[in-house]
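Participant: One predicted model, sequence on top.
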Amino acid sequence: SPGSDEGCRHRCGRCDDFRRAVMGDLGEPVHLEDVHPDDEPPYLLGRLLASGETTLLYGDGGTGKSLLAAAMAVSVASGREVIPGQPPTSRGCILILDFEDSAKRWAERMQRIKVAASIAERLDLHYYQVRDDVPSCEDELRRAVAQYRPVLVIVDSMGYALPPEAPSSDPRVAVLAVLRTLRQLDTTVLL
């Protein structure tokens, strides 16, 4: 039977040819009931930010992505649940790498969230206005991460963090360059 090695009566490789034709570059399928996942991955915030991983928020401009990122930052920096049902599991420094707003705009956003959450303490929030794409400023990013040791790095926004590419270039190359650079920071990242 095509697609199954067990009981296959074809000795001419037709099943392999069929599998290649149907599956293409996907490789061999895995039955998920045979996979035993490890323990739950650690999260930095509820089930929203997996520790040590890169999370991407995507949406049109003006839909609240930066506001949600700011709420996540205040929650992790304060150790308090700001987003209902999403408690932080760690507390620590936040590093904001901003490509489109200003420090003043982020400070206003954070202050409104702190007031709404009744948080009066000074939080460990650090802001950088980034003037170049992420791969081009990799050394500076590494120094900032080494200096502040953030538990969360927020990059706002992915579109401006991308390196400029020639019009004929594959845009995936630019996206992968940003993701590769951010993964090397060895911390949790929110794009």
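Facilitator: Received the coordinates, thanks. Residues are numbered from 1 along each chain as shown.

Participant: quick one, strands of the chain?
Facilitator: Here the chain has its strands, by DSSP state E, at 43-45, 49-50, 54-55, 94-98, 125-129, 152-156, 188-190.

Participant: quick one: which of the ones you listed is nearest Ser75?
Facilitator: Distance to Ser75, taken as CB to CB, is lowest for strand 43-45 among these, at 6.0 Å. Quick note: C-beta positions are derived from backbone N, CA and C, even for glycine.

Participant: Other residues contacting the closest one?
Facilitator: Strand 43-45 has contacts (CB atoms under 8 Å, 6 or more residues apart in numbering) with 49-51, 72, 75-76, 83, 86-90, 151-152, 188.

Participant: of these, buried ones?
Facilitator: Leu49, Met72, Ser75, Val76, Ile83, Gln86, Pro88, Val151, Leu152, Thr188 (16 or more other CB atoms under 10 Å).

Participant: Which of those sits closest to Ile119?
Facilitator: Taking the buried ones among the contacts of strand 43-45 together and measuring to Ile119 by CB to CB, the closest member is Ser75, at 9.3 Å.

Participant: And for stretch 154-173, what's in contact with it?
Facilitator: Outside stretch 154-173, the residues that reach it (CB under 8 Å, 6+ apart) are 56, 65-66, 69, 72-73, 94-101, 130, 133-136, 174-175, 177-178, 182, 189-191.

Participant: Tell me the buried residues in it?
Facilitator: Buried residues in stretch 154-173, defined by neighbour count with 16+ other CB under 10 Å: Ile154, Val155, Asp156, Ser157, Met158, Ala161, Leu162, Pro163.

Participant: Can you report how many residues neighbour the residue nearest to Val189 when sequence neighbours are not counted?
Facilitator: In space, and not counting its chain neighbours, Val189 is closest to Thr54: 4.4 Å by CB to CB, 6 or more residues apart in numbering. The number of residues packed near Thr54 is 18, by other CB atoms under 10 Å.

Participant: hang on, Thr54 packs against Leu185?
Facilitator: No. Using CB atoms under 8 Å, Thr54 is not in contact with Leu185, being 9.3 Å away.
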